[in-house]
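Engineer: From the sequence below, what's the structure:
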Amino acid sequence: MFDKSKKATGEAAQSPAPVQPAAPKASPGGGQTTTIGPSIRLNGELTGDEDLLIQGQVEGNIHLKEHNLTVGEQGRIKANAYARTITVRGELIGDLTGAEKVTITASGRVRGNLLARTVILEEGASSKGSIDMDAKAEAPTLQAAPKSKSA
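Structural biologist: Numbering: from 1, shown residues only. Model (predicted):
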């Protein structure tokens, strides 16, 4: 592994190649994954045309028509979410609709209804709500909050 004879003869040791920063993670559709970091808090409608990893806090609605949503281990979500696939590693309160699949990992906690063609609950996952494995999980229509009646 270490050849002292080369050093003695004055031959310069080759230095290892510099470490390059990791490239953004590519999604199966060829796009990139956007990350909402752990220090970010977001309230409102969240829509997009790329994959999304949430490590921060999001409250509202999430709609990623043809893309993947991942709630990271540090993610804390209070939202109804629709995406092609949804993976929960953190905490999510709200209804989830996956056009293809919803996965709750061992570290994931969900309080809400799950609707997808395929639903995977890993051993140790926590889920409270109904599970509907419908072959045609369609995007829910986003509804405005009900107006309060004045007395």
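
Engineer: Just give the number of residues close to the residue lying closest to Ile120 once chain neighbours are set aside.
Structural biologist: If the residues on either side of it in the chain are set aside, Ile120 comes closest to Thr103, at 4.3 Å by CB to CB, 6 or more residues apart in numbering. From N, CA and C alone the C-beta is placed, and that goes for glycine too. Burial measure for Thr103: 20 neighbouring residues, criterion other CB atoms under 10 Å.

Engineer: So Thr103 versus Leu42, what's the distance?
Structural biologist: Distance, Thr103 to Leu42, by CB to CB, to the nearest Å: 23 Å.

Engineer: swap in Leu92?
Structural biologist: Leu92 sits 14 Å away from Leu42 when distances are taken as CB to CB.

Engineer: got it, and Glu66?
Structural biologist: When distances are taken as CB to CB, Glu66 and Leu42 turn out to be 21 Å apart.

Engineer: Of these two, which one has the most company?
Structural biologist: Applying other CB under 10 Å to Glu66 and Leu42 shows that Leu42 carries more neighbours, namely 16 against 13.

Engineer: shouldn't that one be in contact with Asn61?
Structural biologist: No - assessed by CB atoms under 8 Å, Leu42 is found out of contact with Asn61, at 11.2 Å.

Engineer: coming back round to it: mind listing what the residue nearest to Ile120 touches?
Structural biologist: If a contact means CB atoms under 8 Å, 6 or more residues apart in numbering, then Thr103 has 85-88, 119-120, 122 as its contacts.

Engineer: go on, Thr87?
Structural biologist: 68-71, 102-103, 105, 108.

Engineer: which secondary structure elements does the longest strand seen in the chain contact?
Structural biologist: Ranked by residue count and defined by DSSP state E, the top strand of the chain is strand 57-71. Contacts of strand 57-71 with other secondary structure elements, assessed using 3 or more CB pairs under 8 Å, 6 or more residues apart in numbering; DSSP states H and E, are made with strand 33-36, strand 41-47, strand 51-54, strand 76-88.

Engineer: Output that strand as CSV, nothing but the C-alphas.
Structural biologist: Extracted as CSV, the C-alpha positions of strand 57-71 are listed here (Å, rounded to 0.1, in the frame of the first residue of the first chain):
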residue,chain,number,x,y,z
GLN,A,57,-42.3,22.3,8.3
VAL,A,58,-45.1,22.7,5.8
GLU,A,59,-48.7,23.6,6.5
GLY,A,60,-51.4,23.8,3.8
ASN,A,61,-51.8,21.7,0.7
ILE,A,62,-49.2,20.0,-1.5
HIS,A,63,-49.9,19.1,-5.1
LEU,A,64,-47.2,17.5,-7.3
LYS,A,65,-49.1,16.1,-10.2
GLU,A,66,-46.6,13.9,-11.9
HIS,A,67,-43.8,13.9,-9.3
ASN,A,68,-42.6,12.3,-6.1
LEU,A,69,-43.0,13.7,-2.6
THR,A,70,-40.7,12.6,0.3
VAL,A,71,-41.2,13.7,3.8
